[in-house]
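Asks: Pasted the sequence and its predicted model underneath.
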Amino acid sequence: MQPLSKVEGRAIPFGAKNVDTDIIIPAKWLKTITREGLGEGAFETLREDPGNVFDAPENKGAPILIAGDNFGCGSSREHAAWAIGDLGIRAVIAPSYSDIFSGNAVKNGILPVVLPQKAVDRLMEVARGGDEICIDLEAQTVTTQFQDRFTFEIDPFRKHCLLGGLDEVSLTLESSASIGTYEERRTNTQNWVMAGTNAA
């Protein structure tokens with residue numbers, strides 16, 4: 001996945017609370033095994049309203065989504081993170097998330113920023129005014145041109161993964177030298193194991 005250090009630009013002022021994964025991506029879209037094209041189904045039921053914030057011309061391509069409390073609750077479908085990513089969103093700002101959604105977001109290169117409701121409300125105002133927001137993962141800050149500055153916490157391991165663009169495969173490959181050393185040692189000391197593997 002792509003490394004993430006800063007996310008800057010317009011933010012979609014969504015703000016709804018208790019948005020579950022079925023709202024993010026309805027079940028009928030779960031038949032696919034690819035991440036591509038799921039943005040079309042993202043928030044499908046909400047986008048049936050002609051005045052929805054997701055299809056507003058000024059929000060086209062916005063890399064930030066501002067949501068309400070308990071975002072991503074419901075089922076554990078990873079497709080929810082895939083759909084949001086396919087919309088071009090690289091960061092979500094909300095007061096809280098479902099644990100599973102938060103984990104899935106990070107695994108798919110999306111930064112889930114947790115801020116107090118008061119800060120989220122202020123950022124909603126900025127987003128509605130059409131002004132940009134800057135999220136700096138390295139500094140763990142969210143800022144605006146109006147001198148707003150909010151700090152957020154993030155698990156160090158998740159921060160490392162996002163900054164480095166590391167998914168589970170990449171993390172395993174980081175240890176390839178150690179894995180190679182282990183396999184060589186096992187071949188030398190337990191060659192009967194490898195012999196059995198080759199025979200199969």
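Replies: Right, received. Where do you want to start? Numbering: from 1, shown residues only.

Asks: Can you tell me which helix or strand of the protein has the lowest average pLDDT?
Replies: Ranked by mean pLDDT, DSSP states H and E, the helix or strand of the chain with the weakest confidence is helix 191-199, at a mean of 60.

Asks: My understanding was that residue 83 contacts residue 25; is that so?
Replies: Yes - look at residue 83 against residue 25 with CB atoms under 8 Å: they come within range, at 4.1 Å. (Each C-beta comes from the backbone N, C-alpha and C, glycine too.)

Asks: Mutual contacts of those two, please.
Replies: 38, 41-42 (CB atoms under 8 Å, 6 or more residues apart in numbering).

Asks: ok, the residues you listed vs residue 160, which is closest?
Replies: Within those, the smallest distance to residue 160 is 26.6 Å, found for residue 38 (CB to CB).

Asks: so what's residue 136 closest to, chain neighbours aside?
Replies: residue 6 (5.3 Å; CB to CB, 6 or more residues apart in numbering).

Asks: got the contact list for that neighbour?
Replies: By CB under 8 Å, 6+ apart, the neighbours of residue 6 are 134-138.

Asks: of the residues you listed, buried ones?
Replies: Neighbour counting by 16 or more other CB atoms under 10 Å classes 134-135, 137 among the contacts of residue 6 as buried.

Asks: which one among these gets closest to residue 73?
Replies: residue 135 (22.6 Å).

Asks: pLDDT value on that closest one, please?
Replies: Note on residue 135: pLDDT of 98.

Asks: in this protein, what spans have low per-residue confidence?
Replies: For the chain, applying pLDDT under 70 flags the ranges 170-171, 173-174, 193-200.

Asks: Strands of that one, start to end?
Replies: Counting by DSSP state E, the chain has strands at residues 6-9, 11-13, 64-66, 91-94, 111-114, 133-136, 141-144, 149-151.

Asks: Can you name the residues in contact with the second one?
Replies: Identification of contacts with strand 11-13 by CB under 8 Å, 6+ apart yields 53-54, 59, 62, 64-66, 89, 93, 123-124, 126-128, 132-133.

Asks: Extract the C-alpha trace of the lengthiest helix in the chain and format it as PDB.
Replies: Of all the elements of type helix in the chain, the one with the most residues (DSSP state H) is helix 176-189. Extracted C-alpha coordinates of helix 176-189, given in PDB (Å, rounded to 0.1, in the frame of the first residue of the first chain):
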ATOM      1  CA  SER A 176      13.100 -11.800   5.300                       C
ATOM      2  CA  ALA A 177      16.800 -11.900   6.400                       C
ATOM      3  CA  SER A 178      15.800 -13.400   9.800                       C
ATOM      4  CA  ILE A 179      13.500 -15.900   8.100                       C
ATOM      5  CA  GLY A 180      16.200 -16.900   5.700                       C
ATOM      6  CA  THR A 181      18.700 -17.400   8.600                       C
ATOM      7  CA  TYR A 182      16.200 -19.500  10.500                       C
ATOM      8  CA  GLU A 183      15.400 -21.700   7.400                       C
ATOM      9  CA  GLU A 184      19.100 -22.200   6.700                       C
ATOM     10  CA  ARG A 185      19.800 -23.200  10.400                       C
ATOM     11  CA  ARG A 186      16.800 -25.600  10.300                       C
ATOM     12  CA  THR A 187      18.000 -27.200   7.100                       C
ATOM     13  CA  ASN A 188      21.500 -27.700   8.700                       C
ATOM     14  CA  THR A 189      20.300 -29.000  12.000                       C
END
